[in-house]
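J.: predicted model and sequence follow; I will ask about them next.
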Amino acid sequence: MKWNNRNIHRDIAYFYIGLIIAFSFSGIILNHRQDWYPMDYAYETEEVQIALPDNPKSLDSEEFIKSIAEKWDLQDKYDGHRIRGEELRASFKRNITLDININTGKGFLEYKRKVPVLGHTMFLHKSTNSFWIWYSDIFGAAMLVIAFTGLFITKGKNSFRKRGWKLALAGVLFPILFLILFA
């Protein structure tokens, strides 16, 4: 095999094509997670009403959450809770969430699951597994190799020296400008 920019660029891109596609899809979805989040897609939602305790401070206790969870046989699946503003959110194992308005006692019980394929590619994008982190770091380095070898594949009037550097400069300036204006 001849080691030149074209061959290195091509072979590394072939090897990582699956990860490039998976990270591209999951990256786009992560950018729009406030609108749709396939890792926690609600497939069943139930309106609920709970009796609020006399002492509002007891809302923030594990015992209270487990006592109201008995109604749905979830007390053994309790995984944590928080109060933010006027909303109590209790989390249960198997991706079950209870959201209650602490002033009215009204809320929703949601059963969630991952959207097949898309939810799983997002898991890859967000994983903190040490093996996966190393693999992703190697992938990041490979993406740099793909980018730099790609700069020098074309010869002649469309080469990096003649034309490509202008597009590359614009491509580098755009994120810098975004950081200056919006970060």
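T.: In hand now; what should we look at? Numbering: from 1, shown residues only.

J.: okay, buried residues for the top helix by length along the chain please.
T.: In terms of residue count, the longest helix belonging to the chain (DSSP state H) is helix 130-151. Going by neighbour count (16 or more other C-beta atoms under 10 Å), the buried part of helix 130-151 is Ser136, Phe139, Ala142, Met143, Ile146, Thr149, Gly150. Where you see a C-beta, it was placed from the backbone N, CA and C, and this is true even at glycine.

J.: and the angle from the helix or strand of the chain with the lowest mean pLDDT to helix 130-151?
T.: Lowest on mean pLDDT, DSSP states H and E among the helices and strands of the chain sits helix 118-126, with a mean of 80. Per axes from the mean of the first three to the mean of the last three C-alpha atoms, to 10 degrees, the angle that helix 118-126 makes with helix 130-151 is 90 degrees.

J.: for Gln34, phi and psi?
T.: phi -70, psi -20 (degrees, to the nearest 10).

J.: middle-most residue in the protein, spatially?
T.: Central residue of the chain (C-alpha atoms, centre = their mean): Leu30, 4.6 Å from the mean position.

J.: look up how far Asn7 lies from Arg113.
T.: According to C-beta to C-beta, to the nearest Å, Arg113 stands 43 Å off from Asn7.

J.: nope, Asp73 is what I meant
T.: Per C-beta to C-beta, Asp73 is found 61 Å from Asn7.

J.: burial measure for Ala22, as a count.
T.: Look at Ala22: counted by other C-beta atoms under 10 Å, it has 19 neighbours.
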